[in-house]
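S.K.: the following comprises the amino acid sequence and a computationally predicted model.
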Amino acid sequence: MISKPWRERLTYAAMSVFLAWHTLALVVAPAPDGSAMAQSFRRLLHPYLTLFKLDNKWDFYAPEVDKGRQFHYDIEDASANRHSFVPTDELSWFHPGYWWFRAWYDAVMDYPETYADQFAALLCRKYATLQPVSITLLTLQVGDFSPEDHLNGKHPLDSELVTVTVLKQVRCPDR
Amino acid sequence: MSRPVTFVRFGRETVAAVGQAWSQLWFQSRPTSPLEITRAGVGAALLVNYGLATPYLFLFWGDEGWMPRSLLFDDTTNPWARSVFFYFTAPWQWIAFHVLFLLCCAALMLGWRTSWVKWLVLVGQISYAYRDPILVNGVDKILISLLFILCLAPIGRAMSLDRVRAVRAAKRSNLEEPRRHATAVLGRAPARC
């Protein structure tokens, strides 16, 4: 049986070791990849950082602000009619779904070769009543928008200010 | 005084000062109410977030949704990135886990059985994050970091249902103690008449 003072000392020592370890992990996680010392620590801390999902860059509220873009998709039905959708228009700012769906649309725009097929396949199912033949995924990239444009009553997403890029056209299965 | 003795004393004083600074920085007695408020806030945030995500459970975290396991190229090859969803095979398992997770979030918010519920919430939050990394944003990362600290902290001892239970149990034992004592005294008392 360990005496009380020794138990307290051991607890203090264990907590101190953990605090030092955890603090080191929080410092090493966002360290630049080019640092050899940080990388050597990272190898040691990798299981801990990954298992508890603590591998953060601590840049939660430092987004890269760009000119803006919007995700669209067009559905071509069996009668060759095109139906255009702007999915972000259906989202509410007051529902966390705004962030979830926006994150997915960004992923499709950033990595169409990875996510477009699966995304389009689900759209084919979602809009089955339209008898879709193909889905075209598009990005509207906002161009230069000046204060003068705003004063002249223009909007960043006006057709003359945006560049439309076709991400991918996917045929619906069984069509 | 000789030089080595001075040097040793200087070393001892430095170590003692560092030890004192370390103790003052990390080991001061403080009320746990900020931790309890954080616990209730994190529990409420997770409950609302994942409660509203219920209709999209299979779309976001299911194998037939936007992120089939085949697309999880990086995280599944990393042996340390684990999610309980990786082990599910039937839809009822997703539903059962989601319901259990929501109940645990509510329990964490209210401080009921906090000592083990907090670990289930941490495992759940990490599991959702690794099953669909696309959905993970800054708030999720902050919540995981807070949850991890809360798991190691003595939460649930104040401003919680656990506290209510502990107070009730203490009152009950206080009430029972004199009765037990009286029974023992009466049992030893000689019979009259």
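M.R.: Great, that's in hand.
S.K.: and the residue most central in space within chain B, how far is that from residue A:77?
M.R.: Using C-alpha atoms, centre = their mean, the residue of chain B that lies closest to the mean C-alpha position is residue B:118, 2.8 Å off. To residue A:77, residue B:118 is 51 Å away according to C-beta to C-beta, to the nearest Å. Quick note: C-beta positions are derived from backbone N, CA and C, even for glycine.
S.K.: helices and strands of chain B: which one has the lowest mean pLDDT?
M.R.: Least confident helix or strand of chain B, by mean pLDDT, DSSP states H and E, is helix B:73-77 with a mean of 58.
S.K.: next structured bit after that helix?
M.R.: Later in the chain than helix B:73-77, the nearest helix or strand by DSSP states H and E is helix B:91-110.
S.K.: pLDDT of that following helix, averaged?
M.R.: Mean pLDDT, helix B:91-110: 98.
S.K.: now it, how far from the chain's geometric center?
M.R.: 15 Å (C-alpha atoms, centre = their mean, to the nearest Å).
S.K.: with only the CA atoms kept, save that helix in CSV.
M.R.: Included here for helix B:91-110 are C-alpha records, laid out as CSV according to Å, rounded to 0.1, in the frame of the first residue of the first chain:
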residue,chain,number,x,y,z
PRO,B,91,-28.5,0.3,-41.0
TRP,B,92,-29.9,-0.4,-37.6
GLN,B,93,-26.4,-0.1,-36.2
TRP,B,94,-26.1,3.5,-37.5
ILE,B,95,-29.5,4.4,-36.0
ALA,B,96,-28.8,2.7,-32.6
PHE,B,97,-25.4,4.5,-32.3
HIS,B,98,-26.9,7.8,-33.3
VAL,B,99,-29.7,7.5,-30.7
LEU,B,100,-27.2,6.4,-28.1
PHE,B,101,-24.9,9.4,-29.0
LEU,B,102,-27.8,11.9,-28.8
LEU,B,103,-28.8,10.5,-25.4
CYS,B,104,-25.2,10.8,-24.2
CYS,B,105,-25.0,14.4,-25.4
ALA,B,106,-28.2,15.2,-23.4
ALA,B,107,-26.7,13.4,-20.4
LEU,B,108,-23.5,15.4,-20.7
MET,B,109,-25.5,18.6,-21.0
LEU,B,110,-27.4,17.8,-17.8
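S.K.: which other helices and strands contact it?
M.R.: helix B:33-52, helix B:57-61, helix B:114-131 (3 or more C-beta pairs under 8 Å, 6 or more residues apart in numbering or on different chains; DSSP states H and E).
S.K.: helix B:33-52 and that helix, what's the angle between them?
M.R.: Using axes from the mean of the first three to the mean of the last three C-alpha atoms, to 10 degrees, the inter-axis angle of helix B:91-110 relative to helix B:33-52 is 150 degrees.
S.K.: show me what counts as buried in helix B:91-110.
M.R.: Going by neighbour count (16 or more other C-beta atoms under 10 Å in any protein chain shown), the buried part of helix B:91-110 is B:94, B:97-98, B:101-102, B:104-110.
S.K.: need these in a markdown table (columns: distance to residue A:90).
M.R.: Formatted as a markdown table, the buried residues of helix B:91-110 follow (distance: C-beta to C-beta, whole Å):
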| residue | distance to residue A:90 |
| --- | --- |
| B:94 | 25 |
| B:97 | 28 |
| B:98 | 24 |
| B:101 | 27 |
| B:102 | 25 |
| B:104 | 31 |
| B:105 | 27 |
| B:106 | 29 |
| B:107 | 34 |
| B:108 | 32 |
| B:109 | 30 |
| B:110 | 34 |
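S.K.: now do the contacts for residue B:3.
M.R.: If a contact means C-beta atoms under 8 Å, 6 or more residues apart in numbering or on different chains, then residue B:3 has no contacts.
S.K.: residue of chain A nearest chain B, please.
M.R.: residue A:60 (3.0 Å; C-beta to the nearest C-beta).
S.K.: can you give me the neighbour number for the residue nearest to that residue when sequence neighbours are not counted?
M.R.: Distance criterion C-beta to C-beta, 6 or more residues apart in numbering or on different chains; nearest residue to residue A:60, sequence neighbours excluded, is residue B:138 at 3.0 Å. Counted by other C-beta atoms under 10 Å in any protein chain shown, the residues lying close to residue B:138 total 16.
S.K.: what of the one 10 residues further on?
M.R.: Using other C-beta under 10 Å as the criterion, residue B:148 is surrounded by 18 other residues.
S.K.: wait, it touches residue B:121, no?
M.R.: No: using C-beta atoms under 8 Å, residue B:148 is not in contact with residue B:121, being 10.7 Å away.
S.K.: show the pLDDT at residue 13.
M.R.: Assuming you mean chain A. Residue A:13 is assigned a predicted lDDT (pLDDT) of 93.
S.K.: look at chain B instead
M.R.: 91.
S.K.: quick one: it is in a strand?
M.R.: No: read with DSSP: H, G, I helix; E, B strand; the rest coil, residue B:13 is helix and lies in no strand.
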